[in-house]
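# Provided below are the primary sequence and the corresponding predicted coordinates.
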Amino acid sequence: MQDNIRAIVPISIASIEPNVPPTGMPIFELVKPTDLFVDPTYQRDVGDRGLRQIRRIIENFDWTKYKPPICSYAEHDGKTILKVLDGQHTAIGAASNPHVDKIPVMIVEAEDTIAQAKAFIGQNSDRLGVTHLQMHQAAVAAADEDAQTLELTCARANIKMLKSPNSYTGDGSRQTIAVKTIEALIARRGPVLSREILEIIANAERGPITAPQIKAVEFLMTDGNHAGTFSPEDMTSAIIDLLYTAEEDARLLMISHKVPFWRALALTWYPKCKKRRSNVIRVA
């Protein structure tokens, strides 16, 4: 008998309020993995990285390493189905392995898409493999107010928030994956100013809108030495005139002056921007 094992014992809860579970206890069922479904509203498509993960699951399938997919019942085309809230790679791997007929799944209560999307967020909020874009899309599906504000701000700036990093169309103009940067921008500046900042870049029509570009324009629009000295339209014109040489110059400035790339980009754009005349009234 091992001497170093220890029993599970409760901790002190004197300073916390235990939550009463809002739903019933999950149940476990054995199901054919091919009887499971995925909702693209909040679940990502399987890309190259996902396919590599699935191949590893197939090649190394072992019940001692198995984690049951988390599912919920849902209605679709008049039928009751099981949607996978978390674990679609495991389910696909099992479905692809001829030695696996059925798998155990954990079934939780999540009666509609919003509840299911919230469950997805809860399962993946601390998981490194789930990207900010995936979490944002799930938050939109879960009717999260902040996520909806972000989508509305982008829509009003005529910008599309993409669902995955490699889904740009054309040259990528008016498209972005900088969800965390825009989220932070709105938190700092509010949706109105955030929209104006995003429009300055979007109207330049010069490819995907990146995090450094957003930070650069935010700096120029809010810094005491720069804010109010130019119009949004003139800043857009400066971005258009410099095209892609601005980023090359900014990289050199970043290295020579040891400043962040976004700040170097701002300092590259600003001198090329037409400045407003000072409206000072001289008194004789």
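Noted; the coordinates are in hand. Note that the structure is predicted; figures quoted are calculated from it, not measured. Residues are numbered from 1 along each chain as shown.
# Parallel or antiparallel, which strands does the helix or strand hosting Thr80 pair with?
Using DSSP states H and E, Thr80 sits in strand 79-86. If you go by DSSP bridges, strand 79-86 pairs up with strand 36-37 (parallel), strand 70-76 (antiparallel).
# Compare those and say which comes out lowest on pLDDT.
Ranked by mean pLDDT, these end with strand 70-76 at the bottom, a mean of 85.
# Give me the domain ranges for this structure.
Here the domain parsing of the chain from automatic domain parsing is 27-124+131-141, 145-272.
# for Ser164, what are its contacts?
Ser164 is in contact with 44-45, 47, 133, 177, counting by Cβ atoms under 8 Å, 6 or more residues apart in numbering. (Glycine included, C-beta is placed from N, CA and C.)
# farthest pair in those residues?
Farthest-apart pair in the contacts of Ser164 is Asp45 and Ile177; separation 14.6 Å (Cβ to Cβ).
# so the residue most central in space within the chain is in which element?
Per Cα atoms, centre = their mean, the C-alpha nearest to the average position across the chain is that of Leu133, at 2.1 Å. Taking DSSP H and E as the criterion, Leu133 maps to helix 132-141.
# who touches stretch 99-111?
Residues outside stretch 99-111 that contact it (Cβ under 8 Å, 6+ apart): 23-24, 26-33, 36, 61, 66, 68-73, 82, 84-85, 87, 90-91, 94, 115-116, 118-119.
# List only those of the residues you listed flagged as buried.
Using 16 or more other Cβ atoms under 10 Å as the burial test, those include 31, 33, 36, 61, 66, 68-72, 82, 84-85, 87, 90-91, 94, 115-116, 118-119 as buried.
# which residues in this protein form helices?
Applying DSSP state H to the chain gives helices spanning 48-59, 88-96, 113-124, 132-141, 145-156, 179-202, 211-222, 232-242, 245-257, 261-269.
# returning to that earlier point: Asp45 and Ile177: which is more packed in?
Ile177 (24 against 11; other Cβ atoms under 10 Å).
# Hmm, Thr80 is touching Tyr73, no?
Yes: counting by Cβ atoms under 8 Å, Thr80 does reach Tyr73; the two are 5.8 Å apart.
# Name the residues contacting each of the two.
Common contacts of Thr80 and Tyr73, defined by Cβ under 8 Å, 6+ apart, are absent altogether.
# OK, contacts around Thr268?
Listed by Cβ under 8 Å, 6+ apart, the contact partners of Thr268 are 242, 246, 249-250, 253.
# Where does pLDDT dip in the stretch 101-250 of the chain?
For the stretch 101-250 of the chain, the stretches with pLDDT under 70 are 111-130.
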